[in-house]
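Participant: One predicted model, sequence on top.
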Amino acid sequence: MRTMRRMGTMGVVAVVLLAACDSGDIADKVYTVDEKGYTVKMTARMSGLSEWEGSDYTLAVAGFTSESKFALLQKALPSSAEDGTPVSLVLSNLSSEVQTVELALTNSLRKRIITLASINMADYADRSAHDTILLDLGTLDAGRFGILQTGILNRACIQCHGASGRSAAGLNLTEGNAQANLVDVPSARREGYLRVESGNAEGSLLHLILREGGENLLAHNHTEILSSQFKTNLEEVEELIDNWIEHLTP
């Protein structure tokens, strides 16, 4: 549903888009547009940001062109922010090259690893305007597993593992259930394997079924399922999953 309202002589337009991710964590997005230029302001109440401190990854508000996986510009969220406290971050000076502004996890080269929320700048035809776009993400778990839940499991996995009461192999990957059903839990389909072995990515069944040859380990080809959702960043997603497993304490 879209609601528009024009206000005053500056031609300010307020656009409210009602959109939610599968988990329901991401709140409605409110866009405030006037006629002078582009700025994006992200607000959220986050937890888990400290888990990325000192890592090779950065959670950031970033601007991307349509031709590159590398951010044209970005601002990192503060890893020092205390859990549950409001976080606000402004990304300004957006040129016409920027096609999307995203809450994204990037690597040390500013390469997009995974996108958690996105604004399509093509929705705003007047590039000469000064637009303040407010992206309110509500409450968001931004820790290592929280990012996996929002960015990967909710997008590619819960359709078979938890949504609408379906739980293939007795594995529920919905929010609040996934980690307990994965970590150091024996596989119900492959004897002798743990679904996820803490600190050992290469020994985990989750790692194996997402690599070449993994299609023979279980009845369904999980790499094919994952690649259907992550066509351009499958390798990065697989590495992110491994990174989470390696940081688990046995």
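Facilitator: That came through, no problem.

Participant: contacts and neighbour counts: CA atoms only from here.
Facilitator: Will do.

Participant: Find the centremost residue of this structure, please.
Facilitator: Residue closest to the average C-alpha location in the chain (CA atoms, centre = their mean): L116, at 2.5 Å.

Participant: quick one: that one is in a strand?
Facilitator: Yes: counting by DSSP: H, G, I helix; E, B strand; the rest coil, L116 is located in a strand.

Participant: pLDDT value on it, please?
Facilitator: pLDDT, L116: 95.

Participant: With A201 instead?
Facilitator: As predicted, A201 sits at a pLDDT of 97.

Participant: quick one, phi/psi of L171?
Facilitator: phi -110, psi 110 (degrees, to the nearest 10).

Participant: Is it in contact with Q159, as I believe?
Facilitator: No: at 11.5 Å, L171 does not count as touching Q159 under the criterion of CA atoms under 8 Å.

Participant: strand partners of the longest strand anywhere in the chain, parallel vs antiparallel please.
Facilitator: The single longest strand within the chain, with elements called by DSSP state E, is strand 130-141. Partners of strand 130-141 in the sheet, by DSSP bridges, are strand 29-36 (antiparallel), strand 38-47 (parallel).

Participant: Lowest average pLDDT across those?
Facilitator: strand 29-36 (a mean of 42).

Participant: Can you give the contact residues for the longest helix belonging to the chain?
Facilitator: The residue-count maximum for a helix in the chain (DSSP state H) belongs to helix 234-246. By CA atoms under 8 Å, 6 or more residues apart in numbering, the surrounding residues in contact with helix 234-246 are 113-114, 144-145, 148, 152, 196-202, 207, 210, 226-227, 230.

Participant: What average pLDDT does the longest strand of the chain get?
Facilitator: Here the average pLDDT along strand 130-141 is 86.

Participant: Would you check that L205 makes contact with R195?
Facilitator: Yes: the pair L205 and R195 qualifies as a contact (CA under 8 Å) at a distance of 4.9 Å.

Participant: can you pull the contacts of L59?
Facilitator: L59 touches W52, A76, L77, L103, A104, L105, T106, counting by CA under 8 Å, 6+ apart.
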